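# Fold the following for me, if possible:
(4 chains)
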Protein chains: 2
Amino acid sequence: MRQLTRKGAATRQRILEGAALHIREHGVADTTLDDILARTSTSKSQLFHYFPGGREELLLAVARLEADRVLEDQQPQLGDLTSWDAWRQWRDRVVERYRAQGSQCPLNSVMSQLRGNTPGAQAVVTELMNHWQAELAAGVRHMQAAGEIDPGLDPGQAAAALLAGIQGGVLIQLSTGRTTHLEAALDLGLAYLRTGRPPSS
Amino acid sequence: MRQLTRKGAATRQRILEGAALHIREHGVADTTLDDILARTSTSKSQLFHYFPGGREELLLAVARLEADRVLEDQQPQLGDLTSWDAWRQWRDRVVERYRAQGSQCPLNSVMSQLRGNTPGAQAVVTELMNHWQAELAAGVRHMQAAGEIDPGLDPGQAAAALLAGIQGGVLIQLSTGRTTHLEAALDLGLAYLRTGRPPSS
DNA sequence: TCCCGACTGGACGTGGCAGTCCAGCCTATG
DNA sequence: CATAGGCTGGACTGCCACGTCCAGTCGGGA
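All right, here's what the predicted structure looks like:
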């Protein structure tokens, strides 16, 4: 993988996206390398050419892809939590995203297949969580600066709790198919932020 | 499986517990039927005699076992959330349990291996969540009756949010190894319950 | 005591899937 | 236009885990 020509990069990308798509549709357990090859019109040698680590490496790359998508799907709202209205829009966006996703969580699914929590896999998720939490904390701090949230509240802790609620809500949705827990976590989380007695409302 | 003699029941139990233990130690992906047989001093024919559905059926049985354990490990506190002190003890118990468990969640692990969310598997988790949430809701209602929590709060929703926070906290712990999110979710969740302006404190 | 059915051991078949290999093609570059 | 090295096809290997099968033992009820 010293040099990648334009063509090579395209092939690699095709494999990666095809893998991600097939996993989204069928789950990781039911996704073989041959499935991916058939779907992307590529051959074994190509797959191992671009992902020398084989299945493991490909899965990790898919995990990175999906992790990026998680945050992208929340933009631009997530990056601009500067009013209660923005928070509400973000909340709706998150619920809608996961409702649409249904009972498949590609990231969780991929993660649990990666050999006993490979360091690389852990890193992907940890980074996602850190980034996500940082965005939420920034939003909290912004609201504090605007006098809308009690300045005594720890933004990091609040963001951590909110994030945990989201993750759990989604996890529960995977089994129950309902987004009630996700919505409850978000709604009560936001309600708690507001208990910092804003001047108005 | 029409009749089970005492001996037969013992063998079945031995296989089940051996499987659960091996999965706890090595993860589902690295657990083969042969591993379990070796560990429990049983043979293929026995395993398929007691679990005609093979690996799938055995895994589901393990899932049930682990699901029961989750709630058992929170007793007696979970069933008696009748004072703030009881809630705090319960909170500590939960954190301790998952801290001890470390980066392995047998239930989540087993679940994600079961064929694209088998109805049976979903049922196990759904029932666990329902039961868990019901206990929490009962605790909330009890505190409301005692005048310690705002009666306007919806116990079901509060319990759902709390439960989501726990699940997410544990999930995050699987990747990060830290219980900070779990604790944040529990602490802020309980803090929110208390915002119902108790007469004292 | 007899006998049926539950129980057990372990050899065996089988399929499927990750990963290897090599021969040949394409494409940038000098 | 030549050539080196990236790129591609697909047959092949090796493995291993699941599940089957059958022969044989045990155990409890009549």
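# hey, let's count contacts and neighbours off CA atoms from now on
OK.
# Nearest the geometric middle of chain A, what residue?
When CA atoms, centre = their mean is applied to chain A, the residue found nearest the centroid is residue A:70 (3.1 Å).
# quick one, phi psi at it?
Per-residue torsions, residue A:70: phi -60, psi -50 (degrees, to the nearest 10).
# That one and residue B:50, how far apart?
Relative to residue B:50, residue A:70 is positioned 43 Å away (CA to CA, to the nearest Å).
# Quick check: longest helix in chain A by residues?
Across chain A, the longest stretch assigned as helix under DSSP state H is helix A:119-145.
# Show me which residues of stretch A:41-54 are buried.
A:42, A:47, A:50-51 (16 or more other CA atoms under 10 Å in any protein chain shown).
# mind giving me the domain ranges of chain A?
By the assignment in automatic domain parsing, chain A contains the domains A:6-52, A:63-194.
# so which of these is the most packed in?
Highest mean neighbour count among the domains of chain A (mean count of other CA atoms under 10 Å in any protein chain shown): domain A:63-194, with a mean of 20.
# where in chain A is pLDDT low?
A:1-2, A:115-116, A:196-201 (pLDDT under 70).
# How about the residues of it by chain B?
Counting by CA under 8 Å from any CA of the partner chain, chain A comes close to chain B at A:26-27, A:29, A:109, A:112-113, A:115-117, A:122-123, A:125-126, A:129, A:157-158, A:160-169, A:171-172, A:175-176, A:180-182, A:184-186, A:188, A:192, A:195.
# What about those, which are in strands?
The strands in this structure, assigned by DSSP state E, contain none of the residues of chain A next to chain B.
# Among the residues you listed, which lie within helices?
Under the assignment DSSP H, these contribute A:26, A:109, A:112-113, A:122-123, A:125-126, A:129, A:157-158, A:160-169, A:171-172, A:175-176, A:180-182, A:184-186, A:188, A:192 to helices.
# Residue A:37 against residue A:48, yeah?
No - under the criterion of CA atoms under 8 Å, residue A:37 makes no contact with residue A:48, lying 11.1 Å away.
# Need the contact partners of the helix or strand harbouring residue A:9.
Using DSSP states H and E, the element containing residue A:9 is helix A:6-26. By CA atoms under 8 Å, 6 or more residues apart in numbering or on different chains, the residues outside helix A:6-26 that reach it are A:30-31, A:35-37, A:39-40, A:42, A:47, A:50, A:58, A:61-62, A:65-66, A:104-106, B:116.
# Is DNA strand D within reach of it?
Yes - counting by CA under 7 Å from any atom of the strand, DNA strand D is contacted by helix A:6-26 at A:6-9, A:11.
# overlap between those and the residues near DNA strand C?
Applying CA under 7 Å from any atom of the strand to the residues of helix A:6-26 next to DNA strand D, one finds that A:6-7 fall near DNA strand C.
# from the residues of helix A:6-26 next to DNA strand D, which is closest to residue A:82?
When those are ranked by distance to residue A:82 (CA to CA), residue A:9 comes first, at 39.3 Å.
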